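K.L.:
Output the structure for:
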Amino acid sequence: MAPSDRKRMIESLQRALECNSNHVGSFLLLADHLIDGEEYDTAAKTLDQAIAVNPWHPEAWALRAVIAHLHNDTNAEARARANALKFWDSDPEVDHLIGRKLSQKTYFKHTGYMGHESHTVARDLMDTHPDRVIEKAVFGMLPKNSLAKQHMRGKLKVYAGAEHPHTAQQPKPFTVTAYKKATA
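P.N.:
Take a look at the predicted model:
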């Protein structure tokens with residue numbers, strides 16, 4: 001749906017919820033739309049319905065953290081963010097929804113031809129490919145030589161969401177505090 005076609009989107013969401021009154025994706029899309037329209041109380045009620053269906057859905061808790069942030073309630077924001085990150089503490093989708101500076105951050109690309117430059121807003125990149133934001137951040141930290149791309153291609157694996165194909169290796173989240181304790 002086009003962002004300007006609000007009436008059609010709400011009708012489609014209402015039809016989807018009539019078919020399946022427990023469809024969390026429809027609740028989240030409706031809540032996201034209501035937050036953009038600054039209807040925070042209605043969005044909170046919609047998120048309550050989504051959380052009643054799935055109490056640990058990370059996007060629902062992340063949107064609740066956004067509402068708390070917009071109400072300047074830092075304690076509620078921290079609790080909602082903690083609930084969103086309960087099962088995977090470095091989920092890039094959660095930080096995408098909560099982040100304040102995503103609309104201000106842009107990525108620049110130039111092809112080498114005159115006038116062929118493009119600016120991509122981080123929010124748009126997170127909507128389409130949330131893993132690329134992390135990849136670009138890590139790539140920016142590497143030395144600017146021919147080995148950097150080779151290093152990125154072979155070593156870094158970033159996945160949006162909790163699902164990944166590396167279940168046989170049983171990966172665990174890495175925290176700096178755990179590393180300090182292990183080396184001390």
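K.L.:
From here on, just use CA atoms for contacts and neighbour counts.
P.N.:
Fine.
K.L.:
So His23 is in contact with Arg15, correct?
P.N.:
No - at 11.2 Å, His23 does not count as touching Arg15 under the criterion of Cα atoms under 8 Å.
K.L.:
And the helices in the protein?
P.N.:
Along the chain, counting by DSSP state H, helices occupy 6-19, 24-36, 40-53, 58-70, 74-84, 92-98, 122-128, 130-141, 146-155, 176-183.
K.L.:
lowest-confidence stretch among those helices?
P.N.:
Note on those: helix 176-183 shows the lowest mean pLDDT, a mean of 50.
K.L.:
quick one on the thing from earlier: what about His23 and Arg15, which has more around it?
P.N.:
Higher neighbour count among His23 and Arg15: His23, with 17 against 13, using other Cα atoms under 10 Å.
K.L.:
Name the nearest residue to the more buried one, ignoring sequence neighbours.
P.N.:
Leu17 (6.5 Å; Cα to Cα, 6 or more residues apart in numbering).
K.L.:
From what I see, that neighbour and Leu28 are in contact.
P.N.:
No - using Cα under 8 Å, Leu17 is not in contact with Leu28; the gap is 11.6 Å.
K.L.:
Next one: Ala23 relative to Ala68, how far apart?
P.N.:
Just to correct that, residue 23 is His rather than Ala. His23 sits 24 Å away from Ala68, going by Cα to Cα, to the nearest Å.
K.L.:
Same check on Met152?
P.N.:
37 Å.
K.L.:
Between these two, tell me which one has more neighbours.
P.N.:
Each of Met152 and Ala68 has its neighbours counted (other Cα under 10 Å); Ala68 has more, 21 against 15.
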